[in-house]
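Enquirer: Return a 3D structure for these sequence lines:
(2 chains)
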Amino acid sequence: MSCKSCKKDQQEIPVTVNWKEITKGGTISAAGNAHQFKTGDWRSMKPVWLVEKCKQCLLCYPVCPDTSILINEEGKRTDFDYDHCKGCGVCVKVCPFKAIDFVEESK
Amino acid sequence: MAIRERMSGNEAIAVAMKQINPDVVAAFPITPSTEVPQYFSQFVADGSVNTEFVAVESEHSAMSACVGASAAGARAMTATSANGLALMWEVLYIAAASRLPIVLACVNRTLSGPLNIHNDHSDSMGARDSGWIQMYSENNQEAYDNTLMANRIAEHPEVLLPVMVCQDGFITSHAIENIELLEDDKVTAFVGEYSPEEYLLDKENPIAVGPLDHFTYCFEHKRQQAEAMIQAKKVVLQVSEEFAKLTGRKYSLFEEYKTEDAEVCMVVLNSTAGTAKYVVDQMRAEGKKVGMIKPRLFRPFPVDEITAALSRFKAVAVMDKADSFNAAGGPLFTDVSSAMFAKGVFGPKMINYIYGLGGRDVKATDLELVYNELLKIASTGKVDSVYNYLGVRE
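Expert: Model prediction:
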């Protein structure tokens, strides 16, 4: 499986795998599998990127405890990776331009 | 030509380890297994092995270091007893579930408390559900032979489980007896190189070992681990057959002693089987049809074979040198009797004796008492008491 955001090939162990085919002792034979573990649904608060206020200073990028602030090939930040952002709000606090809103998660 | 020697059970294990020349030995001293790493560290100091000897600060660390070494791709071995094994507990399960073929010499000693350094089987019996293969040894020769076979069994691709080789603390670990050793080169050829399919230090094929494993996959891993234990029986027999060709010493899942025409039988582990053989000979001389079965492989438990063997007798006594404190008999008894029920073998009357706890001496007269009780049951068909204690002051 190829991942859209990081462009890496990843081994995926399907949820339908049976005991005869699963790896012995649970070994994982390719890096980056944590990406497939979607943790975004843990979130109760959600950061919202306000494009018009963002100056692309990128102070938010290094403080994200995950890698949920995505950077494009031009080195500019794009939208959040909501599959993995847990809504900790550190990026909201660190933004000098109030370019990240913090709202309650709603289904 | 085999080498005629005389040595203790502990030295026999250490010599086997020297000949195996594992990559890593991590161990912590505890009576009565202390001599194993003691002898072995001398071999390391003398340069007669290439092993990395890790003098750890506890048994928890010893097993953890073995897990790390084994996951890295090394052949790892250790030795312990009693509370040392207890301190390894959580890591024993991790070693088995991570499918790491570590070999451990367990010199059986009473698990505290009360505080006691002498022999019974409460230590290894407590680890019987940890996922380790368990082999029991009557004397120094069997301890040596089982150790030489252990790596082969553990590392077999259909098994990949850790192996515990048990022998009786002090009784055989410290008693010096005659032994036949193999030549070093023959051991090297028999044991072979350890070449795991995947390991941490394989930089071309990196893996992660022991990741988080929740309900989506964990059950499948457990089922796979159970299958490895099922397959282990076949592999034990294969390796034992190969070993017999090399040494002439034949081992199976259990040893039967004078059972062909026996009416009654005792099932007993480790060194007490030696005493039982003496008693069988004495009673046979008096015309009594008594026999003995000594399980060698306890995990996996040879259900089909042991029930088939026991089905021929009128009465069977299962001897436990450990109590389960379950008001329902010792661990060997509950395994044997549930196997008999599951296989529909209802012929023999079954009784259980808890014996020799805390190193209480087991005399020939004690075992004679058991055989006489069995003969009485065989002739009357009546069992007065299923659960019994042998050799305790009433």
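Enquirer: tell me the secondary structure for B:Ser337?
Expert: Using DSSP: H, G, I helix; E, B strand; the rest coil, the structure places B:Ser337 in helix.
Enquirer: what about it, neighbour count?
Expert: Applying other Cβ atoms under 10 Å in any protein chain shown, we find 21 residues neighbouring B:Ser337. Where you see a C-beta, it was placed from the backbone N, CA and C, and this is true even at glycine.
Enquirer: ok, it touching B:Ile351?
Expert: No: with contact defined as Cβ atoms under 8 Å, B:Ser337 does not reach B:Ile351; the gap is 9.7 Å.
Enquirer: Quick check: neighbours shared by those two?
Expert: Any residue near both B:Ser337 and B:Ile351 by Cβ atoms under 8 Å, 6 or more residues apart in numbering or on different chains counts here, and that gives B:Val318.
Enquirer: residue contacts, residue 83?
Expert: Picking chain A for this. A:Lys38, A:Thr39, A:Gly40.
Enquirer: let's do chain B instead
Expert: So B:Asn83 contacts B:Ile30, B:Glu59, B:Leu111, B:Ser112, B:Asp123 (Cβ under 8 Å, 6+ apart).
Enquirer: Distance check, the fourth one against B:Val386.
Expert: Separation of B:Ser112 from B:Val386 (Cβ to Cβ, to the nearest Å) stands at 29 Å.
Enquirer: List, one by one, the residues from the stretch 101-250 of chain B near chain A.
Expert: When proximity is defined by Cβ under 8 Å from any Cβ of the partner chain, the stretch 101-250 of chain B lies next to chain A at B:160, B:198, B:205-211, B:213, B:216-221, B:223-225, B:227.
Enquirer: and the closest residue to chain A within the stretch 51-200 of chain B, helix, strand or coil?
Expert: Residue nearest to chain A within the stretch 51-200 of chain B: B:Arg99 (3.7 Å; Cβ to the nearest Cβ). For B:Arg99, the assignment made with three-state DSSP gives coil.
Enquirer: count of neighbours near it?
Expert: Applying the criterion other Cβ under 10 Å, we find 25 residues in the vicinity of B:Arg99.
Enquirer: Verify the stated contact: it with A:Gly25.
Expert: Yes: under the criterion of Cβ under 8 Å, B:Arg99 makes contact with A:Gly25 at 3.7 Å.
Enquirer: shared neighbours of those two, anything?
Expert: With Cβ under 8 Å, 6+ apart, B:Arg99 and A:Gly25 have common neighbours B:Leu160, B:Gln225.
Enquirer: So what's the gap between stretch B:269-286 and the chain middle?
Expert: 20 Å (Cα atoms, centre = their mean, to the nearest Å).
Enquirer: what's the answer for stretch B:309-327, then?
Expert: On Cα atoms, centre = their mean, the centre of stretch B:309-327 falls 17 Å from that of its chain.
Enquirer: what is the rounded mean pLDDT of the longest helix seen in chain B?
Expert: Within chain B, and with DSSP state H defining each element, the longest helix by residue count is helix B:218-247. Averaged across helix B:218-247, pLDDT comes to 98.
Enquirer: Would you mind pulling up the elements that it packs against?
Expert: helix B:89-97, strand B:133-136, helix B:140-155, helix B:184-191, strand B:297-299 (3 or more Cβ pairs under 8 Å, 6 or more residues apart in numbering or on different chains; DSSP states H and E).
Enquirer: Show me where chain B dips below the pLDDT cut-off.
Expert: B:1 (pLDDT under 70).
Enquirer: Please tell me how far the nearest residue to B:Gly330 once chain neighbours are set aside sits from chain A.
Expert: In space, and not counting its chain neighbours, B:Gly330 is closest to B:Asp320: 2.4 Å by Cβ to Cβ, 6 or more residues apart in numbering or on different chains. Distance from B:Asp320 to chain A, counting by Cβ to the nearest Cβ, to the nearest Å: 32 Å.
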